[in-house]
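Peer 1: here is the input, now give the coordinates:
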Amino acid sequence: MAIEAGLRFAETHEWVRVEGNVATIGISDFAVKELTDLTYVELPAIGKVLKAKQVFGVVESVKAASDLYAPVSGTVKSANGALESDLAVLSTDPYGQGWLIQIDLSAPAEVDALMDAATYAKFCEAESH
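Peer 2: I've put the predicted structure just below:
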């Protein structure tokens, strides 16, 4: 399981990378491996205002459909449209080309409440037992 240092993680397995006032959000390698064969992703419209812990989309696999939760609050600035034609990138590059949405942060301090990579690694280890 790959976990990228420098990212922050929610208990619902979304990750956040902050650059300035923009947060890029995706789902972790752990989550992708748990879901296995991905079949569909639904992302929010540009301009949608999200609150932390609010559902912003859905990812479906042959096993199940899982809600995607906003780890932080903000306004959707962009959504990764490339995923519509190539969901495999979520498996091959979950922390890079497999990002889901970018938001303009409305409460940057919320990022500090998320887990760092080391804490998230322990969290995943406990969840997989």
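
Peer 1: packing partners for whichever helix in the chain runs longest?
Peer 2: Scanning the chain for the helix with the most residues, using DSSP state H, yields helix 117-127. Helix 117-127 is packed against strand 8-9, with contacts defined by 3 or more CB pairs under 8 Å, 6 or more residues apart in numbering; DSSP states H and E. (Each C-beta comes from the backbone N, C-alpha and C, glycine too.)

Peer 1: so what touches the strand it packs on?
Peer 2: 3, 15-16, 18, 28, 71, 111, 114-117, 119-120, 123 (CB atoms under 8 Å, 6 or more residues apart in numbering).

Peer 1: endpoints of stretch 7-27, how far apart?
Peer 2: 11 Å (CA to CA, to the nearest Å).

Peer 1: just the buried positions in it, please.
Peer 2: Going by neighbour count (16 or more other CB atoms under 10 Å), the buried part of stretch 7-27 is 7-10, 12-17, 23-27.
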